[in-house]
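Participant: I'd like to go over a predicted model; first the sequence, then the structure.
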Amino acid sequence: DQQVKQNSPSLSVQEGRISILNCDYTNSMFDYFLWYKKYPAEGPTFLISISSIKDKNEDGRFTVFLNKSAKHLSLHIVPSQPGDSAVYFCAASAQAGKSTFGDGTTLTVKP
Amino acid sequence: DTGVSQNPRHKITKRGQNVTFRCDPISEHNRLYWYRQTLGQGPEFLTYFQNEAQLEKSRLLSDRFSAERPKGSFSTLEIQRTEQGDSAMYLCASSLQRKEKLFFGSGTQLSVL
């Protein structure tokens, strides 16, 4: 039973345009959500997070939106840059315990 | 370098052999996590420690896997009698207590022949 799902394995966008990566979850106990970015041969690195008491968090070009009723979150990258090309993982945790990860979305930003 | 360090980066072993991996977390972090990742999948939780106490272990984790964090600093993950299905990237991460943000190492890529 996969509790965190990223249904799009890949996404390709043009440089300067918006990238939208989606994530769905099933466990109502999750209260904190994170996005990580991963380059080949490296471990994931933290990108941005959001608590369940908020519906939006913004950090520079990155914004995460949370829709608790739909159990859905999304990551918006505006404007997209070629250096953003990587695998993006959505993760969720409950009461500051372990994080559960989705299977990732590979983003390709074309110049 | 004050990041999470994992050794070795790569390990090739024959089926049936035992292997051990080491993780050195960020020094002030008291939580340490082990994850496993295979191609096309996200990191899969294996176990985690708070200081030297192992707080949770995945129910999917075989008895062939054991982890220790003897002094609450570095940790080791041992796999006994390796199988080809154990081939994966083994990731270590650390965090401050009750903080969700994880800092990952570069991982140990295990290949079981």
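Facilitator: Looks like it arrived, so ask away.
Participant: alpha carbons only for contacts and neighbour counts from here, please
Facilitator: Fine.
Participant: Let me know the secondary structure of residue B:85.
Facilitator: helix (DSSP: H, G, I helix; E, B strand; the rest coil).
Participant: who are the neighbours in contact with the residue of chain A found nearest chain B?
Facilitator: As assessed by C-alpha to the nearest C-alpha, chain B sits closest to residue A:103 within chain A, at 3.9 Å. By C-alpha atoms under 8 Å, 6 or more residues apart in numbering or on different chains, the contact set of residue A:103 is A:5, A:6, A:9, A:89, B:40, B:41, B:42, B:43.
Participant: now residue A:85
Facilitator: With contact taken as C-alpha under 8 Å, 6+ apart, residue A:85 is in contact with A:106, A:107, A:108, A:109.
Participant: For chain B, which residues are neighbours of chain A?
Facilitator: B:40-45, B:48, B:91, B:98-107 (C-alpha under 8 Å from any C-alpha of the partner chain).
Participant: Do you have the strands of the chain handy? List them.
Facilitator: The chain I'm using is chain A. Counting by DSSP state E, chain A has strands at residues A:4-5, A:10-14, A:19-25, A:32-38, A:45-51, A:56-59, A:62-67, A:72-77, A:86-93, A:99-101, A:105-110.
Participant: try chain B instead
Facilitator: Remark: strands assigned in chain B by DSSP E are B:5-7, B:10-13, B:19-24, B:31-37, B:44-50, B:53-57, B:65-68, B:75-79, B:88-95, B:103-104, B:108-112.
Participant: got a pLDDT number for residue B:103?
Facilitator: Per-residue confidence (pLDDT) for residue B:103: 96.
Participant: Now do the same contact list for residue B:39.
Facilitator: Residue B:39 makes contact with residue B:88, according to C-alpha under 8 Å, 6+ apart.
Participant: State the distance from the residue lying closest to residue B:51 once chain neighbours are set aside to residue B:105.
Facilitator: Spatial nearest neighbour of residue B:51, excluding adjacent residues (C-alpha to C-alpha, 6 or more residues apart in numbering or on different chains): residue B:72 at 4.2 Å. Distance, residue B:72 to residue B:105, by C-alpha to C-alpha, to the nearest Å: 17 Å.
Participant: Looking only at neighbour counts, state which of the two leads.
Facilitator: It is residue B:105, of residue B:72 and residue B:105, that has more neighbours when counted by other C-alpha atoms under 10 Å in any protein chain shown, with 25 against 18.
Participant: Which pLDDT does the model give the closest residue to the more buried one other than its chain neighbours?
Facilitator: Spatial nearest neighbour of residue B:105, chain neighbours left out: residue B:4 (4.6 Å); criterion: C-alpha to C-alpha, 6+ apart. Note for residue B:4: predicted pLDDT of 97.
Participant: Count the neighbours of residue B:4 for me.
Facilitator: As a burial measure, residue B:4 scores 21 neighbours (other C-alpha under 10 Å).
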